[in-house]
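Novice: got a sequence here, can you build the structure:
(one chain, ligands or ions: 1)
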Amino acid sequence: MSSYAAFHNAEDFPEPEKFDPTRFLNKETVDGELFYPFGAGTRICVGRRFAMLEMTMVMAMFFRRYEFDLNPATKDKVKAKSHITLTPMDGVHMFVRQRRAHL
Ligand code: HEM
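Specialist: Okay, the predicted model is just below:
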C-alpha cells in the first residue's frame, strides 16, 4: 500500500492537501495505524526514534535562530517531484531572517 495514497485518503486525513500540522496533535492519528511514515511490522524502520529526535532538535535550533516566512514566489499548490523521496518541483521559496537575539 502506497503511504502517499494512504496519507491522502480524505476519510482519514480531511483536506489532505491542506498544510495543517495541528492534525498531528490528534494522538489517535499519529499513534494509531493510520500514519506510518516509518513503515510497520517486523521491518519497521530501526532509525525511527533517532530520526524523530534529530528532526525535532534541528527544527528547534533553526526556529530559535531564524524566522521563516513564505515568499509569494512559491506557487499556491506545491507540486511534487519523485526521486527517492518526494521533493517540491519548483522549490519552496522562503524569506529567512536571523532573529535579533537568541539565547
Ligand atoms: C525521516 C527519516 C526516516 C524515514 C521516513 C524512514 C523510513 C523508513 C521506512 C519506510 C522503512 C521501511 C520499513 C518497512 O519496510 O516497513 C525504513 C527502514 C529502515 N530504516 Fe528508516 N527512515 C528514516 C530514518 C532512518 C535512520 C536515521 C536510520 C538509521 C540511523 C534508518 C534505518 C533504517 C533501516 C536499517 C531500515 C531497514 C529495517 C529492516 O528492513 O529491518 N532509517 N525506514
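Novice: relative to Ser2, how far out is the residue most central in space within the chain?
Specialist: For the chain, Pro21 is the residue whose C-alpha lies nearest the centre (C-alpha atoms, centre = their mean; 8.0 Å). Distance, Pro21 to Ser2, by C-beta to C-beta, to the nearest Å: 22 Å. C-beta here means a position set from N, CA and C on the backbone, and glycine is covered the same way.
Novice: that older thread, and the residue nearest to the centre of the chain, how far is that from Cys45?
Specialist: Pro21 sits 21 Å away from Cys45, going by C-beta to C-beta.
Novice: repeat that for Ile84.
Specialist: The gap separating Ile84 from Cys45 is 14 Å, by C-beta to C-beta.
Novice: and the two? Which one has more around it.
Specialist: Using other C-beta atoms under 10 Å as the criterion, Ile84 and Cys45 rank with Cys45 on top: 13 against 5.
Novice: my read is that one is in a helix, agree?
Specialist: No. Per DSSP: H, G, I helix; E, B strand; the rest coil, Cys45 lies outside any helix segment and is coil.
Novice: excluding its backbone neighbours, what's nearest it?
Specialist: Distances taken as C-beta to C-beta, 6 or more residues apart in numbering put Phe38 closest to Cys45, at 3.7 Å, once the chain neighbours are dropped.
Novice: quick one: pLDDT of the residue nearest to the centre of the chain?
Specialist: With respect to pLDDT, Pro21 has a value of 86.
Novice: what packs against the helix or strand of the chain with the lowest mean pLDDT?
Specialist: Lowest by mean pLDDT, DSSP states H and E among the helices and strands of the chain is helix 27-31, with a mean of 73. Packed against helix 27-31 by the contact rule (3 or more C-beta pairs under 8 Å, 6 or more residues apart in numbering; DSSP states H and E) you find no helix or strand.
Novice: just how off-centre is that helix within its chain?
Specialist: Distance of helix 27-31 from its chain centroid, counting by C-alpha atoms, centre = their mean, to the nearest Å, is 15 Å.
Novice: what mean pLDDT does the following helix or strand past it get?
Specialist: Using DSSP states H and E, the helix or strand that follows helix 27-31 in sequence is helix 48-65. Throughout helix 48-65, pLDDT has a mean value of 96.
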